[in-house]
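Engineer: missing the sequence, but the structure's below:
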């Protein structure tokens, strides 16, 4: 099974800051990597698939990059709505697996 | 807008059973794979099970294999999760989610609001 590791687990930042979250896979997942945002008490929301393809309606301040075993999610200018937990997920092989999450907090 | 609505959760004793349902609307259910993903209190997301669009192929996490059964009724736009031999560690919010990437493995673009399952004596 493929293990997904995110870092950091918690990140404190101010509105307007540039934020980067890293996701590492225990083996190559090619480009089969999705990112989700989850606000407290809410369902996850798909942000990015195929490592860098932004879902329709997701603000352009979000971007994804990487391939193989190392991926990043970047928020270019953090907005109040962005304070949430972010998860990566590999869908290269079954069982699909999520990273442990990165909580983005207000500094 | 796609709608996904779970039901059937609640409190059950260890060793007991529960059946979750997920009714969807505003998309052609029979053409999409579906999945269940859970989240234990204060924890991250854990994929549980998936089923192909016509129901011919099912997948399970090792943690639930042999205890949970996923199924679907395409005539009723409904997904099910039969959960038997429930354990305290199955306590979680269970999400129903639409799967993308035809043929799998899947990622998930539409999620329900979640349904809480509590296993406790």
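Structural biologist: Here it is on my side, so go on. Everything numeric in this text was worked out from a predicted model, so none of it was measured. Numbers count the residues shown, from 1 in each chain, chains lettered A, B, ... in the order given.

Engineer: backbone phi and psi for residue B:30, please?
Structural biologist: Backbone geometry at residue B:30, expressed as degrees, to the nearest 10, gives phi -70, psi -10.

Engineer: Three-state assignment for the closest residue to residue B:7 other than its chain neighbours, please.
Structural biologist: In space, and not counting its chain neighbours, residue B:7 is closest to residue B:21: 5.1 Å by C-beta to C-beta, 6 or more residues apart in numbering or on different chains. From N, CA and C alone the C-beta is placed, and that goes for glycine too. Of the three states, residue B:21 takes strand under DSSP: H, G, I helix; E, B strand; the rest coil.

Engineer: Does residue B:21 touch residue B:34 like I think?
Structural biologist: No: shown here, residue B:21 and residue B:34 do not form a contact pair, counting by C-beta atoms under 8 Å, at 11.8 Å.

Engineer: Which residue lies nearest the spatial centre of chain B?
Structural biologist: residue B:36 (2.7 Å; C-alpha atoms, centre = their mean).

Engineer: circling back to that earlier point, next, work out how far apart the residue nearest to residue B:7 and chain A are.
Structural biologist: 17 Å (C-beta to the nearest C-beta, to the nearest Å).

Engineer: circling back to that earlier point, what sits in contact with each of residue B:21 and residue B:34?
Structural biologist: Common contacts of residue B:21 and residue B:34 (C-beta atoms under 8 Å, 6 or more residues apart in numbering or on different chains): residue B:79.

Engineer: Looking at the two, which is more packed in?
Structural biologist: Applying other C-beta atoms under 10 Å in any protein chain shown to residue B:21 and residue B:34 shows that residue B:34 carries more neighbours, namely 27 against 17.

Engineer: what's the helix or strand for that one?
Structural biologist: Residue B:34 is located in strand B:33-39, with elements delineated by DSSP states H and E.

Engineer: quick one: the helix or strand that that strand is followed by to strand B:33-39, angle?
Structural biologist: Remark: after strand B:33-39, the chain's next helix or strand is strand B:45-51, criterion DSSP H and E. Angle of strand B:45-51 versus strand B:33-39, following axes from the mean of the first three to the mean of the last three C-alpha atoms, to 10 degrees, is 150 degrees.

Engineer: Check which helices and strands strand B:45-51 sits against.
Structural biologist: strand A:85-90, strand A:97-98, strand B:33-39, strand B:58-60, strand B:68-73, strand B:78-83, strand B:92-100 (3 or more C-beta pairs under 8 Å, 6 or more residues apart in numbering or on different chains; DSSP states H and E).

Engineer: repeat that for 6 Å
Structural biologist: strand B:33-39, strand B:58-60, strand B:68-73 (3 or more C-beta pairs under 6 Å, 6 or more residues apart in numbering or on different chains; DSSP states H and E).

Engineer: hang on, the earlier thing: run through the neighbouring helices and strands of the strand holding residue B:34.
Structural biologist: strand B:45-51, strand B:92-100.

Engineer: Just the residues contacting it, thanks.
Structural biologist: B:45-53, B:79, B:81, B:92-95, B:97, B:99, B:106 (C-beta atoms under 6 Å, 6 or more residues apart in numbering or on different chains).

Engineer: next one: stretch B:106-121
Structural biologist: Under C-beta under 6 Å, 6+ apart, the answer for stretch B:106-121 is A:34, A:43-44, A:46, A:49, A:89, A:91, B:2, B:4-6, B:9, B:11-14, B:33, B:35, B:50, B:86, B:88, B:90-91, B:93-101.
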